[in-house]
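S.K.: For reference, the sequence and a predicted model appear below.
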Amino acid sequence: MNTLDAIFSRKSVRAFTGDLTEEELGTLLKAACAAPVGRALFENVHLTVITKKDLLDKIDCAGAAILQNPSMHPLYNAPVFILVSAKLSGPNDNVGYSNCAGIVQNMALAAVELGLGSCHIWGAVRGINADPALLTELNLPEGFTPCCGLIVGKTEETYAVRDIPEDKIKIAFIK
Ligand SMILES: Cc1cc2nc3c(=O)[nH]c(=O)nc-3n(C[C@H](O)[C@H](O)[C@H](O)COP(=O)(O)O)c2cc1C
């Protein structure tokens, strides 16, 4: 698949049928490591690959609680949640958050190439940040804050190049 086909085929997938192989996970993590990071400060970002069912369930519950909908499953029963954390300089550290978003998007595009389903996840991360016990369980390095993540897994959904309206995002041209 060429790069543009991967970009135009990517979509959020929220239904999963199984786990990744070690090789697939390795490819996703390599894609994460290939992401751009501001000033190349790779030591300011951190990945946590969560496959432990008990912990996934706790994050799911914390996310549902913060989103005030106990019946929802903000991790969608995905077999893998890759949490991206950053050493933020403050609440307005836009470089820190942007680093994390770029890492997630790289993995999402790699997931398309591998035929895996994936979805950016920020809602459940709010739940993690509101739960000190859960934060402790994640055992993040000192000073790191969970920013976002990607759920990923095998899926029955397929990818095809999507029709992307040119006015989907408002664009201003200044000439
Ligand atoms: C920053 C960001 C946060 C998102 N957080 C969530 C989330 O917590 N839960 C979810 O189901 N989807 C989440 N999404 C997926 C969006 O809902 C999705 O990208 C959007 O509806 C467009 O659909 P598409 O990805 O299929 O093109 C997030 C996407 C982005 C970029």
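M.R.: Structure received. Numbers count the residues shown, from 1 in each chain.
S.K.: Run a quick neighbour tally on the residue lying closest to Gly115 once chain neighbours are set aside.
M.R.: Closest residue to Gly115 apart from its sequence neighbours, by CB to CB, 6 or more residues apart in numbering: Tyr159 at 7.1 Å. In short, each C-beta sits where N, CA and C put it, glycine included. Using other CB atoms under 10 Å, Tyr159 has 20 other residues around it.
S.K.: Could you give the number of residues near Arg39?
M.R.: A total of 8 residues lie near Arg39 under the criterion other CB under 10 Å.
S.K.: Do a quick rundown of the strands in the chain.
M.R.: All strands of the chain, identified by DSSP state E, fall at 45-50, 80-86, 117-121, 145-153.
S.K.: So for Lys11, which of the ones you listed sits nearest?
M.R.: strand 117-121 (8.9 Å; CB to CB).
S.K.: Residue numbers of this structure in contact with the ligand?
M.R.: Residues of the chain lying near the ligand by CB under 6 Å from any ligand atom: Lys11, Ser12, Arg14, Cys119, His120, Ile121, Trp122, Gly123.
S.K.: Got the confidence number for the fourth one?
M.R.: The confidence metric pLDDT takes the value 98 at Cys119.
S.K.: So for Leu20, what's the nearest residue that isn't a sequence neighbour?
M.R.: That would be Val80: by CB to CB, 6+ apart, it lies 5.9 Å from Leu20.
S.K.: can you put the strands of the chain in a markdown table and add distance to Gly96 and mean neighbour count?
M.R.: Below are the strands of the chain laid out as a markdown table (distance: least, CB to CB, whole Å; neighbours: other CB atoms under 10 Å):
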| stretch | distance to Gly96 | mean neighbour count |
| --- | --- | --- |
| strand 45-50 | 8 | 18 |
| strand 80-86 | 4 | 24 |
| strand 117-121 | 17 | 23 |
| strand 145-153 | 7 | 24 |
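S.K.: The ones you listed: which one's closest to Leu138?
M.R.: Closest among these, once you apply CB to CB, is strand 45-50, at 5.9 Å.
S.K.: re the thing from before, okay if I get the strands of the chain as CSV plus distance to Gly102?
M.R.: Output for the strands of the chain, formatted as CSV (distance: least, CB to CB, whole Å):
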stretch, distance to Gly102
strand 45-50, 9
strand 80-86, 10
strand 117-121, 12
strand 145-153, 10
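S.K.: With respect to Thr51, which of the residues of the chain next to the ligand is nearest?
M.R.: Within these, proximity to Thr51 (CB to CB) peaks at Ile121, which comes in at 14.9 Å.
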